[in-house]
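In: Structure for this input, please:
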Amino acid sequence: MTFKALILDHVDNKVRQTWKDLDDGDLPAGEVTVRVAYSDLNYKDGLILKGQARLVRIYPHIPGIDFSGTVESSDSTDFKPGDEVIATGWGLGERRWGGYTQKARLDANMLVKMPAGLDLKRAMAHGTAGFTAMLAVIALERAGIAADNGDVLVTGAAGGLGSVAVALLAKLGYSVAASTGRQETHEYLKSLGAGTIVDRSELAEPGVRPLEAARWAGVIDTVGGITLARAITQTVAHGALAVCGNAGGNDLKTTVLPLILRGVSLLGIDSNFCPLELRKEAWSRLAADMPADKLDAITTVEPFARLPDLGEAILEGKIRGRTVIDVNA
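Out: Next up is the predicted model:
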């Protein structure tokens, strides 16, 4: 039995996309073979599909940093045929073949069993974006940022990660300030629970003072660059920033003054090599804490064949919320 996959090849210094029929013998070594049901679309997927940022070094390659599916066969005692599983991180779609395929094979330690309250489609409505948002919320909680401490800022709020973060924080009782540069998303963000909309331009210019007026008890930052630098200077005493994105750039020009005069904490969020127990906690929390109606409202399901066009759209900032890819449609 053959199955379809999207293959990237590097030809004449360009990345080319090709649909190919493969069989089990083409799959890499691994303990568990999964019949893939859904993947998704993240900003990193867009970069990989276009061959940008040198995220993939070995071709031919199957992209797709996430997938959900059903175990078809297993050499691991941790999984059996019929188990529903989620795969994110561990270099999936970058250094390892990923989820833009109808069948995948990988090691058991790269899989998480589907928690109660989630299904294959909604797991990919979260994907790496929702998983990272939940890790950021957990990090703020562990840093002592409670719902009654004040406003929590979410930057890049209309994106996939930001959208889930806004909805999660609102469900947990936080007062959410959502930052976006797209006016057409204001009502959308309010529907997710944002109490305040902050225009992206307010954070887009370099600050002139190392300490600005204290505004944010906590921050979930998906942007990096100048936006993060400004948010640091505006965080209240003993506040914390969960840093989980770089859509606005990798550089961070700031001072230590907010850290040593206000006791502000910078919390790095690593969703790629996150330990297994924290992975399980985050997925269980997503199942319990993210309202299903909110998740469904921010999710669009697209067929496999639209991936090339969608990859370009997400890099152009034209994707709102979460996009699930039905690899069998």
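In: and stretch 111-130, which residues are buried?
Out: Across stretch 111-130, burial judged by 16 or more other C-beta atoms under 10 Å covers 111-112, 114-115, 118, 120-130. (C-beta placed from N, C-alpha, C; glycine too.)
In: Show the end-to-end separation of it, please.
Out: 16 Å (C-alpha to C-alpha, to the nearest Å).
In: thinking again about what came up before, so which of the buried residues of stretch 111-130 sit within helices?
Out: 120-130 (DSSP state H).
In: Specify which member of the residues you listed is nearest to Pro275.
Out: Thr128 (15.9 Å; C-beta to C-beta).
In: OK, contacts around the closest one?
Out: Taking C-beta atoms under 8 Å, 6 or more residues apart in numbering as the contact definition, Thr128 lies against 40, 42, 44, 65-66, 88-89, 271.
In: ok, 7 Å please
Out: Neighbouring residues of Thr128 by C-beta atoms under 7 Å, 6 or more residues apart in numbering: 42, 65-66, 88, 271.
In: With Val236 instead?
Out: 150, 214, 216-217, 262.
In: Next, count neighbours for Arg57.
Out: Arg57 is flanked by 9 other residues according to other C-beta atoms under 10 Å.
In: swap in Asn250?
Out: Neighbours around Asn250, by other C-beta under 10 Å: 7.
In: From what I see, it and Gly224 are in contact.
Out: Yes. Using C-beta atoms under 7 Å, Asn250 is in contact with Gly224, at 6.4 Å.
In: Any idea which residue is closest to the centre of the chain?
Out: Ala129 (1.8 Å; C-alpha atoms, centre = their mean).
In: List the contacts of that residue.
Out: 42, 160-161, 164, 322.
In: related to what we said a few turns ago, between the ones in helices among the buried residues of stretch 111-130, which is closest to Phe3?
Out: Among those, and counting by C-beta to C-beta, the member closest to Phe3 is Leu120, at 16.7 Å.
In: Now do the helices in the chain.
Out: 43-49, 120-142, 160-171, 186-192, 225-233, 257-261, 276-289, 292-297, 307-315.
In: Tell me which other helices or strands the fourth one touches.
Out: Read that as helix 186-192. helix 160-171 (3 or more C-beta pairs under 7 Å, 6 or more residues apart in numbering; DSSP states H and E).
In: What ranges does the stretch 1-150 of the chain have for its strands?
Out: 3-11, 14-22, 32-41, 66-74, 84-88, 103-106, 111-113 (DSSP state E, counting those that start in this stretch).
In: Turn those strands into a markdown table, columns for distance to Ile197 and mean pLDDT.
Out: Below are the strands of the stretch 1-150 of the chain laid out as a markdown table (distance: least, C-beta to C-beta, whole Å; pLDDT from 0 to 100):
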| stretch | distance to Ile197 | mean pLDDT |
| --- | --- | --- |
| strand 3-11 | 37 | 96 |
| strand 14-22 | 37 | 96 |
| strand 32-41 | 25 | 98 |
| strand 66-74 | 29 | 98 |
| strand 84-88 | 30 | 98 |
| strand 103-106 | 40 | 98 |
| strand 111-113 | 34 | 97 |
